[in-house]
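Asks: Sequence first, predicted model second:
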Amino acid sequence: MSRARTFLAAVVAVAGGTCAYRVYQRLARFEVSESSMVPTLRPGDRVLTWERTPTRGDIVVFEHPSRPDFWMVKRVIGLPDEHISIENGAVSINGAPLDEPWTIDSTGPDQTWELGAGEAFVLGDARALSAGDSRQTGPIPLDHLDRTVIARYWPDPRPVL
């Protein structure tokens, strides 16, 4: 093999290894241990997350704001600078009702929140079973919600809503 081909093969190998390493750094695995996301995610489900800024409706895994090393799984409902209100069991964003195909539960109690520039509002899909969501903890800093669920890989690969 010529020197040019050897050099090119080495460059391709290093670039491929670097790319694979960066992808590996941005992926993380978690096991769901609570029922707050039923029926979308159940205890024992294992999910893959990707490091990125979430959008409304994304499921995120994040460290509890006041309990280090305790990880939560919730859905992003409100985004920065929005007005969130819960009234008569329904969630509204800036006065408009939020379409929530992921939950059949009524949401309570009635309350309102004003999100700041770097804040998000998260809720569990199983509203009656969801502890530690933004109804209790308040808005979550958006930079703490950098792990978005991209796939469920165990026990079966059902789509994640």
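Replies: Sure, I can see it.
Asks: For the residue sitting nearest the centre point of the chain, give me its contacts.
Replies: By Cα atoms, centre = their mean, the mean C-alpha position of the chain lies nearest to Val60, the distance being 1.0 Å. Applying Cβ atoms under 8 Å, 6 or more residues apart in numbering to Val60 gives the contacts Thr49, Pro54, Val73, Lys74, Arg75, Val76, Val122, Leu145, Arg147, Thr148, Val149. Where C-beta positions appear, they are placed from N, C-alpha and C, glycine not excepted.
Asks: Next step: the residues you listed restricted to strands.
Replies: Thr49, Val73, Lys74, Arg75, Val76, Val122, Arg147, Thr148, Val149 (DSSP state E).
Asks: Out of those, which is nearest to Val91?
Replies: Closest to Val91 out of these is Arg75 (10.8 Å), distances taken as Cβ to Cβ.
Asks: Who's the closest spatial neighbour of that closest one, skipping the chain neighbours?
Replies: For Arg75, ignoring the flanking residues on the chain, the nearest one in space by Cβ to Cβ, 6 or more residues apart in numbering is Ile59 at 5.3 Å.
Asks: and that neighbour, how far is that from Leu115?
Replies: Between Ile59 and Leu115 the distance is 19 Å, computed by Cβ to Cβ, to the nearest Å.
Asks: now the ones in strands among the contacts of Val60 as CSV including distance to Asn88 and neighbour count?
Replies: What follows is the ones in strands among the contacts of Val60, written out as CSV (distance: Cβ to Cβ, whole Å; neighbours: other Cβ atoms under 10 Å):
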residue, distance to Asn88, neighbour count
Thr49, 34, 21
Val73, 27, 26
Lys74, 22, 25
Arg75, 20, 26
Val76, 23, 22
Val122, 21, 25
Arg147, 33, 25
Thr148, 30, 18
Val149, 30, 23
